[in-house]
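*Asks:* My questions concern the predicted model and sequence given below.
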Amino acid sequence: MVITREAFLTQLGYSVTDSLLKQLEKVSGNTPKFDQISSHIIALNDNLKHYDSFIALSSSHDFLKIKNQSNGELTAQVNELINNWAKKYKIELEKVSGKETFYIKGYEKSLS
């Protein structure tokens, strides 16, 4: 299912503005098969909300990032949820060193 850019931003909790639409265009251009995985990204974001975590536009890179803001022993459980999601949908993640943050890089290169 293809989600419009406006609906995608809204589902992530953003207001729809020209600057955010332009940023999302850059993100989608950097994320192989973005349109095919966008609904999976929204579903993960909905699941992460239960753990005070979320998916957002990165301010420093043209990718979406997954922010695990859970505390204590939940941190490992949320990271497992994220990694299982990525494995299930064959999505490449890049973990940010020293943080509980992951960049969504698109489909795994071996499957592109």
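*Replies:* Now that the structure is in, tell me what you want to look at. Numbers count the residues shown, from 1 in each chain.
*Asks:* For Asp62, which non-adjacent residue is closest in space?
*Replies:* Nearest residue to Asp62, sequence neighbours excluded (CB to CB, 6 or more residues apart in numbering): Lys26, at 4.2 Å. The C-beta positions use only the backbone N, C-alpha and C, and glycine is treated the same way.
*Asks:* Report the mean per-residue pLDDT for the helix or strand containing the one you found.
*Replies:* Assigned by DSSP states H and E, Lys26 falls within helix 18-30. For helix 18-30, mean pLDDT rounds to 96.
*Asks:* I'd like the next helix or strand past it.
*Replies:* Sequence-wise, the next helix or strand downstream of helix 18-30 (DSSP H and E) is helix 34-48.
*Asks:* Determine how far stretch 43-53 lies from the middle of the whole chain.
*Replies:* Counting by CA atoms, centre = their mean, to the nearest Å, stretch 43-53 is centred 11 Å from the centre of its parent chain.
*Asks:* next one: stretch 20-40
*Replies:* Its chain's C-alpha centre and that of stretch 20-40 lie 10 Å apart, by CA atoms, centre = their mean.
*Asks:* cool, stretch 87-105 as well?
*Replies:* For stretch 87-105, the distance to the chain centre is 8 Å (CA atoms, centre = their mean).
*Asks:* And for stretch 36-46?
*Replies:* Relative to its parent chain, stretch 36-46 has a centroid offset of 7 Å by CA atoms, centre = their mean.
*Asks:* Low-confidence regions, the chain specifically.
*Replies:* Regions of the chain meeting the criterion pLDDT under 70 cover residues 1, 109-112.
*Asks:* coming back round to it: next, count neighbours for the residue nearest to Asp62.
*Replies:* 13 (other CB atoms under 10 Å).
*Asks:* circling back to that earlier point, what helices and strands are in contact with the helix holding Lys26?
*Replies:* Under the contact definition 3 or more CB pairs under 8 Å, 6 or more residues apart in numbering; DSSP states H and E, helix 18-30 sits against helix 5-11, helix 34-48, strand 54-57.
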